[in-house]
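Novice: Predicted model and sequence below, questions to follow.
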Amino acid sequence: MSEERLEPSSATQIDWFASSTDRERQLRAEREQSKLPLGPLDVVHVFWLAGMSCDGCSIAVLGATSPPIEQLLSGSIPGAPKIVLHHPVLSVEAGKAFVRNFEMAERNELGVPYVVAFEGSVADERLAAQSGGYWSALGAEEQEDGSHRPIPTADWLGRLAPNAAAVLAVGTCATWGGVPAAAGNPTGSMSVMDYLGSDYRSSYGLPVVNLPGCSPIGDNITETVMTILLFLQGLGPLPEFDELGRPAWLFQSTVHQQCGRAGFYEEGTFAEHYGEKECLVEVGCWGPVVQCNITARGAINHMGGCMNTGGICIGCTMPGFPDRFAPFYKTPPGSTLSSNSSRLVGSFIRPLRRITQEFQNREPGWGATKDVPSGWGHVKRPSVAKRVVHALYERYQFLGSRKPGDSPYTGGGES
Ligand code: SF4
Ligand code: SF4
């Protein structure tokens, strides 16, 4: 490698103390100079706004592992542009320097596309303004009389959404209103979709993308961002969304369809108390009707997730949450019919399965009547009745096929 190649000529021109927006512009120029094999977009800005939120969605995205946020921010995923994140809690910039990035986006001065991620619900700021206050704000702007007015995050959403490449509603408060929009709330909170209206389309033609969950699974957020980025790069198809703007591949199945306790439900065995291993429907689980992938994906790094750790589903990903799922921890009305049907079928199927299980737990050489040579405990020989049932079962199992060990000429067993 020549000395000339080792010289960081363009890097020395970067002002590392400039705002993140300016720094990115300089870095971009440097990258273009060095002709790295990048896609059509090398940088996308993400403006994270927080409305009526608990910051839980921010914490969730920090825990993502597939892909992790670090890879998105460092631009180290092949084919994907680097993300420059402007986040009220995570950004190192503060004050005017931080707000300037938002102002540049509003004036369309970034020179590259940007995405808006909104966490929390959108409060009705007209209600707060009646008493001279505000519900949630970011930065302040000078008024004609020289005073400063906090800028509500709802206003920022209205200002940035029209030119955004995409608007992501992150978490149930942003997607459907969530807890801040529950009955009796004084804030007039609503979802991003309610705020922007059904006619809203981003500059790339997308309606609001909804990523529900309270809090959402971090991987659901970063994976969706990743698929949108690859689409913007022209490297992937537009990901499939359902009629409510949820990523279809993440939210088309119910929790129940992927739950590790579904086998207990199917056999009609139910927990009566928390801490038991069986299906939790009778202690208040709404999983059979709730669209969520947490039991399959886990909460963080494929670990945890409601029923996986003993909790019930209270429907936190659903537009009806929380009011339509109240009161929590009470048996959902529909389960009276469905769980009793499972009980009835299960009472017949379960004993038959246990018989088959008993025989499949024996090596073929042990047959049905030999003792099991285990030093761990005494294994009882199957009763005559069970042997008859199993003989019928096996006859049906090998109907039209050859049982391993049978002679192809005589049809008889070898041992
Ligand atoms: S615990 Fe809930 S989600 Fe799991 S099997 Fe039972 S009802 Fe379905
Ligand atoms: S399983 Fe239910 S309560 Fe748990 S995250 Fe999914 S929707 Fe929310």
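Specialist: Received it, and whenever you're ready, just let me know what you need. Ligands and ions are numbered 1, 2, ... in the order given.
Novice: for ligand 2, what are the nearby residues on the stretch 151-300 of the chain?
Specialist: Selection of the stretch 151-300 of the chain residues close to ligand 2 by C-beta under 6 Å from any ligand atom yields 213, 255, 290, 292, 294. C-betas here are computed from N, CA, C, even on glycine.
Novice: For the last one, give me its contacts.
Specialist: Neighbour list for residue 294: 213, 217, 255, 305, 306, 308 [criterion: C-beta atoms under 8 Å, 6 or more residues apart in numbering].
Novice: list the contacts for the residue in the stretch 1-150 of the chain that ligand 2 sits nearest to?
Specialist: Distances between the stretch 1-150 of the chain and ligand 2 by C-beta to the nearest ligand atom are smallest at residue 60, namely 10.6 Å. Residues in contact with residue 60 (C-beta under 8 Å, 6+ apart) are 171, 213, 215, 216, 217, 218, 221.
Novice: Could you do residue 371 as well?
Specialist: 379, 381.
Novice: Against residue 355, how distant is it?
Specialist: Per C-beta to C-beta, to the nearest Å, residue 371 is found 19 Å from residue 355.
Novice: what does residue 300 give?
Specialist: 41 Å.
Novice: Just say helix, strand or coil for residue 140.
Specialist: strand (DSSP: H, G, I helix; E, B strand; the rest coil).
Novice: beta partners for it?
Specialist: residue 150 (DSSP bridges).
Novice: still on that earlier bit, what about the residue of the stretch 1-150 of the chain closest to ligand 2, distance to residue 219?
Specialist: 9 Å.
Novice: which residues in the stretch 151-300 of the chain form strands?
Specialist: 166-170, 209-211 (DSSP state E, counting those that start in this stretch).
Novice: in the stretch 1-150 of the chain, what residue is nearest ligand 1?
Specialist: For the stretch 1-150 of the chain, C-beta to the nearest ligand atom, closest residue to ligand 1: residue 60, 20.8 Å.
Novice: Check that residue and give its pLDDT.
Specialist: In this model, residue 60 is scored at 96, pLDDT.
Novice: which residues touch residue 83?
Specialist: Counting by C-beta under 8 Å, 6+ apart, residue 83 has contacts 43, 44, 45, 46, 72, 73, 75, 225, 229.
Novice: ok, now with 10 Å
Specialist: By C-beta atoms under 10 Å, 6 or more residues apart in numbering, residue 83 lies in contact with 43-46, 69, 71-75, 77, 114-115, 222, 225-226, 229.
Novice: Go back to the contacts of residue 294 and keep what's next to ligand 1.
Specialist: Okay, of the contacts of residue 294 touching ligand 1 (C-beta under 6 Å from any ligand atom), that's residue 255.
Novice: which one of the contacts of residue 294 sits closest to residue 85?
Specialist: Distance to residue 85 across those (C-beta to C-beta) is lowest for residue 217, with 18.9 Å.
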